[in-house]
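*Asks:* Sequence and predicted structure below; questions after.
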Amino acid sequence: MSKHLALGKAGETAAADWLQQKGYTIVERNFRWGKTEIDIVALKGEWLHIIEVKTSSSDKWGSPEQRVTPQKMSMLQRAATGLLRTYGRQWLQYDVVAITWKKGDLPHLELIEDLGCS
């Protein structure tokens, strides 16, 4: 497995653990709908959270959350349609867990909530 894929997988695991500590219930990881993957699907209260995880070891390409493009948000929105068929009608929110994980340091996680899907 390449370094960036291994970092991404480790980031998703760290994000899921961290979200659970914050009171979220993880209901799906790596949910696939067609060619789109939702990293984490979680419940908190009445809300179903569609969570994109972006992990970076440097700021060379910008901050992790800056790499969530409008095209990615559109893909997540389409995948969420399939997800809602499984879970029924829910209040839905799109979030990002941005992780900066520099070599030798502990990861820094930030939850960016309620992104619009325009």
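*Replies:* That came through, no problem. Residues are numbered from 1 along each chain as shown.

*Asks:* so what's the closest residue to residue 47 other than its chain neighbours up against?
*Replies:* Spatial nearest neighbour of residue 47, chain neighbours left out: residue 91 (4.7 Å); criterion: C-beta to C-beta, 6 or more residues apart in numbering. Yep, even glycine has a C-beta here, placed from its N, CA and C like the rest. Residues near residue 91 by C-beta atoms under 8 Å, 6 or more residues apart in numbering: 46, 47, 48.

*Asks:* buried subset of those?
*Replies:* Among the contacts of residue 91, those scoring as buried are residue 48 (criterion: 16 or more other C-beta atoms under 10 Å).

*Asks:* Redo the contacts of residue 91 as JSON lines? Include pLDDT.
*Replies:* Below are the contacts of residue 91 laid out as JSON lines (pLDDT from 0 to 100):
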{"residue": "46", "pLDDT": "86"}
{"residue": "47", "pLDDT": "90"}
{"residue": "48", "pLDDT": "92"}
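
*Asks:* From the contacts of residue 91, pick the one nearest residue 111.
*Replies:* Nearest to residue 111 among these: residue 47, at 13.1 Å, using C-beta to C-beta.

*Asks:* So the residue nearest to residue 47 versus residue 59, what's the distance?
*Replies:* Using C-beta to C-beta, to the nearest Å, residue 91 is found at 34 Å from residue 59.
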